[in-house]
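Chemist: sharing a model prediction with you, sequence too.
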Amino acid sequence: MRNKIIAVLFLIQILFTGVAAAETLTLESCVRTALETHPDMVAAESKVASKKAAVGQSAADSRPQIKGGASYTRSDSTDSSYDTGRYNASISLEQSVYDWGKRGLKIEGARINMDAAEAEYIDTRDKIIVGVKSAYYNLNKAIRQHEVAKARFDNYQKRLLWAKSYYEVGTKPKIEVTKAESDLANSKLALVKASSAAEQYRAQLASSMGIPMMDIENVADVLSYKEWSVPIEQAVDRAISNRPDLASQRKKVEYAETLLALEKKGLSPEISASAGYSAYGSAPFDDNGWNAKLSLNFPLYDGGLTRSRVQGAEADLVTARAQLGSASNNVILEVRKAWHALAEAREALSASLEAERQARETYELAEGRYEAGVGSSLEISDAVESYASAQTNTILSLYECKAKRLDLEKAMGGLEE
């Protein structure tokens with residue numbers, strides 16, 4: 001039912017893409033859309049359902065198995081003076097009474113696999129959230145960089161008009177006009193590249209939501225940075241507790257332990273019971289009878305099969321524990337690197353904001369001097385380039401703060417929508 005609802009929502013979004021594209025897409029709405037429509041989420045949910053069904057399959061062996069049948073046979077022969085017909089109907093019941101815990105271990109193993117699938121589902125969810133947020137931040141960055149490139153282009157257009165007017169009245173040489181035209185052409189190229197980058201990130205955001213052909217126009221700007229921090233020890237503890245990939249790896253260790261216990265019971269006896277009733281004869285229910293049986297099966301020797309399976313299960317358990325240790329080490333390293341990267345990004349942002357403030361003051365002074373006819377083309381060009389570069393650095397620093405915080409949140413696990 002849930003998959004049908006998702007499919008309907010997906011079709012509605014496709015049909016009304018043109019309407020939705022005109023609206024401003026928030027980060028929250030993009031994440032919600034991705035969690036509802038992304039194929040990876042559908043696959044992860046289906047995997048959980050499959051493992052849940054496997055638990056039921058394992059439990060079925062502990063329940064009574066009932067079978068029924070009916071037949072009618074007719075025969076004739078040359079030495080018989082009449083045709084014969086025979087009816088037969090039967091019903092039987094089989095029940096495993098006790099198997100020294102093997103059945104329970106099989107059910108437990110299936111449940112562990114289901115828990116592992118649920119952890120993988122959460123891991124898939126976190127990855128999709130990270131993908132959407134990363135694409136959204138990249139698009140914010142590209143749009144801001146496009147605005148800087150547009151402002152730079154406009155500044156050079158204005159400077160070209162000034163240079164032409166000064167040249168016409170004879171206060172500036174021809175080289176001022178030539179230099180202004182060259183700078184304008186270069187700024188136009190940068191503007192085209194910035195526009196292309198923004199379109200590529202729009203496509204990336206659409207793909208991260210699971211709707212690759214969706215047209216995206218307006219998005220909210222969330223690139224401003226709010227102070228946020230967490231002690232590194234707390235970050236590591238949260239990661240060890242919350243990371244779904246670690247939870248999945250722990251379940252693999254539990255499964256290996258369960259499988260080892262199950263293999264050790266390979267030569268354990270089994271007790272089973274069965275009963276049946278049948279009716280038969282040339283007419284229905286002419287004769288009838290019943291039977292009941294209690295069996296004890298005790299394997300004596302299997303050619304070393306159980307011993308080999310136990311050895312293999314022991315090796316698998318060692319491997320699973322080692323992989324869990326390795327995964328834990330990698331998670332701790334990931335958290336520490338992300339924590340220090342965020343601290344560096346915060347420091348870089350402070351420096352970038354100060355550099356932008358100074359570059360703006362220099363640009364305003366140089367623009368005023370050139371407008372008054374006393375500044376040189378070199379002075380105004382340097383000021384425009386320095387200011388544009390400072391603005392770009394600030395945008396990159398804001399993006400890095402967002403991206404590094406996202407990296408740390410991902411490393412700690414338990415991402416919020």
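Modeler: Received, thanks.

Chemist: was I right to think N138 contacts R202?
Modeler: No: assessed by Cβ atoms under 8 Å, N138 is found out of contact with R202, at 9.8 Å. Just so you know, the C-beta spots here come from the backbone N, C-alpha and C atoms, and that holds for glycine as well.

Chemist: outside of the helix or strand hosting E263, which residues touch it?
Modeler: Assigned by DSSP states H and E, E263 belongs to helix 244-264. Residues outside helix 244-264 that contact it (Cβ atoms under 8 Å, 6 or more residues apart in numbering): 101-102, 105-106, 108-109, 112-113, 115-116, 119-123, 126, 239-240, 306, 309-310, 312-314, 316-317, 319-321, 323-324, 327-328, 331, 413.

Chemist: list the buried residues in that helix.
Modeler: Neighbour counts over helix 244-264 (16 or more other Cβ atoms under 10 Å) mark 244-264 as buried.

Chemist: and the longest strand for the protein?
Modeler: Counting residues, the longest strand found in the chain (DSSP state E) is strand 84-98.

Chemist: so for that strand, mean pLDDT?
Modeler: Averaged over strand 84-98, pLDDT sits at 83.

Chemist: adjacent strands (with direction) for it?
Modeler: Using DSSP bridges, strand 84-98 pairs in its sheet with strand 65-75 (antiparallel), strand 270-281 (antiparallel).

Chemist: single out the most deeply packed of the ones you listed.
Modeler: strand 270-281 (a mean of 16; mean count of other Cβ atoms under 10 Å).

Chemist: please enumerate the strands of the stretch 151-300 of the chain.
Modeler: Here the stretch 151-300 of the chain has its strands, by DSSP state E, counting those that start in this stretch, at 218-219, 270-281, 287-297.

Chemist: dump those strands into JSON lines; add distance to V169 as well.
Modeler: Formatted as JSON lines, the strands of the stretch 151-300 of the chain follow (distance: least, Cβ to Cβ, whole Å):
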{"stretch": "strand 218-219", "distance to V169": "45"}
{"stretch": "strand 270-281", "distance to V169": "108"}
{"stretch": "strand 287-297", "distance to V169": "111"}
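
Chemist: now render the ones you listed as CSV, adding mean pLDDT and distance to S196.
Modeler: Formatted as CSV, these follow (pLDDT from 0 to 100; distance: least, Cβ to Cβ, whole Å):
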stretch, mean pLDDT, distance to S196
strand 218-219, 93, 17
strand 270-281, 86, 70
strand 287-297, 85, 73
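
Chemist: out of those strands, the one nearest E417 is which?
Modeler: With Cβ to Cβ as the measure, strand 218-219 is the member of these nearest E417 (16.8 Å).

Chemist: so which bits of stretch 394-402 are buried?
Modeler: By neighbour count on 16+ other Cβ under 10 Å, the buried set for stretch 394-402 is T394, I395, L396, S397, L398, Y399, E400, C401, K402.

Chemist: can I get that stretch in PDB? Just the C-alpha atoms.
Modeler: Presented in PDB, the C-alpha positions along stretch 394-402 are these (Å, rounded to 0.1, in the frame of the first residue of the first chain):
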ATOM      1  CA  THR A 394      33.300  34.300   1.700                       C
ATOM      2  CA  ILE A 395      30.800  32.300  -0.200                       C
ATOM      3  CA  LEU A 396      33.200  29.300  -0.300                       C
ATOM      4  CA  SER A 397      33.800  29.700   3.500                       C
ATOM      5  CA  LEU A 398      30.100  29.800   4.200                       C
ATOM      6  CA  TYR A 399      29.700  26.700   2.100                       C
ATOM      7  CA  GLU A 400      32.500  24.900   3.800                       C
ATOM      8  CA  CYS A 401      31.000  25.600   7.200                       C
ATOM      9  CA  LYS A 402      27.700  24.100   6.000                       C
END
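
Chemist: what residues does that stretch touch?
Modeler: The contact list for stretch 394-402, computed with Cβ under 8 Å, 6+ apart, reads 137-138, 140-141, 144-145, 148, 222-225, 342, 345-346, 348-349, 351-353, 355-356.

Chemist: of these, buried ones?
Modeler: Buried subset of the contacts of stretch 394-402 (neighbour count, 16+ other Cβ under 10 Å): 137-138, 140-141, 144-145, 148, 223, 225, 342, 345-346, 348-349, 352, 355-356.

Chemist: quick one: which of the residues you listed sit in helices?
Modeler: Of the buried ones among the contacts of stretch 394-402, the ones assigned to helices by DSSP state H are 137-138, 140-141, 144-145, 148, 342, 345-346, 348-349, 352, 355-356.
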